[in-house]
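**Q** Coordinates for the following, if possible.
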Amino acid sequence: MAHIEVLEGVPGIRSLVMFRPETGKHLYELAQVLLRGESTLSEAERELIATYVSHRNNCMFCRNSHAAAARCLYGDEANLVDEVLADVTTAHISDKLKALLNIAGKVQVLGKEVTQQDIDAAKLLGATDRELHDTVLIAATFSMFNRYVDGLASFTPTDPEAYKEMGKRMTEKGYVLPTPVAS
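**A** Okay, here's the model as predicted:
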């Protein structure tokens, strides 16, 4: 049960942005730009970064919903999501994406954990300044989202099927502010 009075049964961040749409609008717009906007990183890769950070933060709602979106986007390679969550070092993803996930993991702990060597290693593997910027911003943003969702104890479904539907919706519609329900 959420720590504040939100619409019952609405999971995760959706209930919180419906509670305060004037702030939620900006959070959703940021998520839309970061995860669906123009980028040389694929939407699947960006969802994977959000999933990885949420996993490291132990935020079940964000991890499960963004993992579901990443699986939808990866299609036939959906198993890559579970490989990364099990062990990023052995996952069948590019070395560049491993380097970016390493940076995202360090941001999840503390931004100052990212070293010039981490940046140089990612650049040697082909990461651009824009990709580095967006990786850090996704990691920082999802650390905030994770703390928002868990800090207010928003509803976290336990049924894996619920997340499949969320992933499909996020893949098809992106991040749009849910319509408030009249009380």
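**Q** burial count for Val6?
**A** 20 (other CB atoms under 10 Å). (Glycine included, C-beta is placed from N, CA and C.)
**Q** got the contact list for Leu41?
**A** Contacts of Leu41 were listed using CB atoms under 8 Å, 6 or more residues apart in numbering, and they are 49, 100, 131, 134-135.
**Q** What residues sit buried inside stretch 115-130?
**A** Of all the residues in stretch 115-130, those buried under the rule 16 or more other CB atoms under 10 Å are 118-119, 121-122, 127.
**Q** My error: substitute stretch 1-17 in the last question.
**A** 2, 6-7, 10-17.
**Q** Dump those residues into JSON lines; add pLDDT as well.
**A** Conversion of the buried residues of stretch 1-17 to JSON lines gives the following (pLDDT from 0 to 100):
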{"residue": "Ala2", "pLDDT": "93"}
{"residue": "Val6", "pLDDT": "95"}
{"residue": "Leu7", "pLDDT": "92"}
{"residue": "Val10", "pLDDT": "94"}
{"residue": "Pro11", "pLDDT": "94"}
{"residue": "Gly12", "pLDDT": "95"}
{"residue": "Ile13", "pLDDT": "95"}
{"residue": "Arg14", "pLDDT": "93"}
{"residue": "Ser15", "pLDDT": "95"}
{"residue": "Leu16", "pLDDT": "96"}
{"residue": "Val17", "pLDDT": "94"}
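**Q** Please narrow those residues to those residing in helices.
**A** Among these, the subset assigned to helices under DSSP state H consists of 12-17.
**Q** Great, nothing more from me.
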